[in-house]
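>>> give me coordinates for this.
(4 chains)
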There are 4 protein chains.
Amino acid sequence: MADVGGIGADQLKSYIERIERLEEEKAATATDIREVYAEAKGNGYDSKIMRQIVRLRKMDEQDRQEQEAILELYKHALGLTESAE
Amino acid sequence: MADVGGIGADQLKSYIERIERLEEEKAATATDIREVYAEAKGNGYDSKIMRQIVRLRKMDEQDRQEQEAILELYKHALGLTESAE
Amino acid sequence: MADVGGIGADQLKSYIERIERLEEEKAATATDIREVYAEAKGNGYDSKIMRQIVRLRKMDEQDRQEQEAILELYKHALGLTESAE
Amino acid sequence: MADVGGIGADQLKSYIERIERLEEEKAATATDIREVYAEAKGNGYDSKIMRQIVRLRKMDEQDRQEQEAILELYKHALGLTESAE
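Numbers count the residues shown, from 1 in each chain, chains lettered A, B, ... in the order given. Below you'll find the predicted structure:
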């Protein structure tokens, strides 16, 4: 089916099939990631906190420390830190 | 607690509380929306298709028709239309 | 248009219009929320950290403190705390 | 750093590093997918419609046809089909 209504059907099909293969690959990697979190959870680690750690490690060190300092400041201002009780 | 570490704690608190009230309002409206879909579903309507209709009605009429025409063209090119079987 | 292909067109329309009105309300509230963050930002507050504060304040106090303690433990274990440098 | 506050720091680190490698792999595949869409766009294909096609091809054939029939019915009931003008 070379041409349909002016579009290259074969070319479109090859793009779609390439995308589908890559989407499968991506889904498989996502499953692998979930399995690592599940394995860690099975060994007593908290997967929610692990996700936070992964996010923090992606950040630039200085940005991370600045944000943590501001967070502490705001938490203190709003009475969210233990010492505020 | 007027000032904490150079930030206006009261002002920050009032912003946070305004946001929290608005977030509550937004969540209540989201619940109302879910209830309408549930009511419609109870009367035999398909909520997934209703969501598509809501999306389509938001679109500019001409854009919508153009996109539907391209979709039909691509579906035909890839054998997704009945006639292609 | 009472009935179309066995479905109550008027009833469907009224459900769709109710949903559209509620979606508009929800979108307006979301805009109000963005405006509060923008106003706070204009007064020097960090909207990203404010969002974290809003999330933290939604949490049960004890859960929040437990999660913060585990986060500190994991950060220390992975050298993400200042003292670790 | 074998043990920190009762948790196996090395084991935690190895989980985190495995996750980070997999997240990188997933991000790279996502980039590849975007590149295919960009290449197709460069050749005149509509990437938004291509994404719809990818979604449709993932569906069970019969489900897809049933949903398309209901969508046409609802569109007709609400005057969204050309013939309704």
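>>> all strands of chain A, in order?
According to DSSP state E, chain A carries its strands in the segments A:3-4, A:7-8.
>>> out of those, deepest packed?
Mean neighbours per residue, mean count of other C-beta atoms under 10 Å in any protein chain shown, is largest over the strands of chain A for strand A:7-8, with a mean of 18. Heads up, the C-betas are built off the backbone N, CA and C, glycines and all.
>>> that strand: how far from the chain's middle?
Put simply, strand A:7-8 sits 36 Å off its chain's centre (C-alpha atoms, centre = their mean, to the nearest Å).
>>> what's the answer for stretch A:19-27, then?
Worked out by C-alpha atoms, centre = their mean, stretch A:19-27 lies 17 Å from the chain centre.
>>> is chain B contacted by it?
No: Stretch A:19-27 is not in contact with chain B by C-beta under 8 Å from any C-beta of the partner chain; minimum separation 11.3 Å.
>>> show me what counts as buried in that stretch.
Applying a neighbour-count criterion of 16 or more other C-beta atoms under 10 Å in any protein chain shown, one finds A:19, A:22, A:25-26 buried in stretch A:19-27.
>>> that older thread, of all the strands of chain A, which one is nearest chain B?
Among the strands of chain A, the nearest to chain B by C-beta to the nearest C-beta is strand A:3-4 (4.0 Å).
>>> neighbours of the residue nearest to A:Arg64 when sequence neighbours are not counted, how many?
What sits nearest to A:Arg64 in space, not counting adjacent residues and going by C-beta to C-beta, 6 or more residues apart in numbering or on different chains, is A:Leu56, at 5.7 Å. Using other C-beta atoms under 10 Å in any protein chain shown, A:Leu56 has 17 other residues around it.
>>> do the one 4 residues further on as well
By the criterion of other C-beta under 10 Å, A:Asp60 has 8 neighbours.
>>> could you measure from it over to chain D?
Separation of A:Asp60 from chain D (C-beta to the nearest C-beta, to the nearest Å) stands at 16 Å.
>>> I'd like the distance between that residue and C:Ala77.
As judged by C-beta to C-beta, to the nearest Å, A:Asp60 and C:Ala77 stand 21 Å apart.
>>> hang on, the earlier thing: looking at the strands of chain A, which one has the lowest mean pLDDT?
Mean pLDDT values for the strands of chain A show the minimum at strand A:3-4, a mean of 70.
>>> pull out the CA atoms of stretch A:14-34 and give them to me as PDB.
The C-alpha trace of stretch A:14-34 is given here as PDB (Å, rounded to 0.1, in the frame of the first residue of the first chain):
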ATOM      1  CA  SER A  14       7.600   2.200   9.400                       C
ATOM      2  CA  TYR A  15       7.500   5.300  11.600                       C
ATOM      3  CA  ILE A  16       4.700   3.900  13.700                       C
ATOM      4  CA  GLU A  17       6.400   0.500  14.000                       C
ATOM      5  CA  ARG A  18       9.700   2.100  15.100                       C
ATOM      6  CA  ILE A  19       7.700   4.100  17.800                       C
ATOM      7  CA  GLU A  20       5.900   1.000  18.900                       C
ATOM      8  CA  ARG A  21       9.200  -1.000  19.400                       C
ATOM      9  CA  LEU A  22      10.700   1.900  21.300                       C
ATOM     10  CA  GLU A  23       7.600   2.300  23.500                       C
ATOM     11  CA  GLU A  24       7.900  -1.400  24.300                       C
ATOM     12  CA  GLU A  25      11.500  -0.900  25.300                       C
ATOM     13  CA  LYS A  26      10.600   2.000  27.500                       C
ATOM     14  CA  ALA A  27       7.700   0.100  29.100                       C
ATOM     15  CA  ALA A  28      10.100  -2.800  29.800                       C
ATOM     16  CA  THR A  29      12.600  -0.500  31.500                       C
ATOM     17  CA  ALA A  30       9.900   1.000  33.500                       C
ATOM     18  CA  THR A  31       9.000  -2.500  34.700                       C
ATOM     19  CA  ASP A  32      12.600  -3.100  35.600                       C
ATOM     20  CA  ILE A  33      12.600   0.100  37.700                       C
ATOM     21  CA  ARG A  34       9.500  -1.000  39.500                       C
END
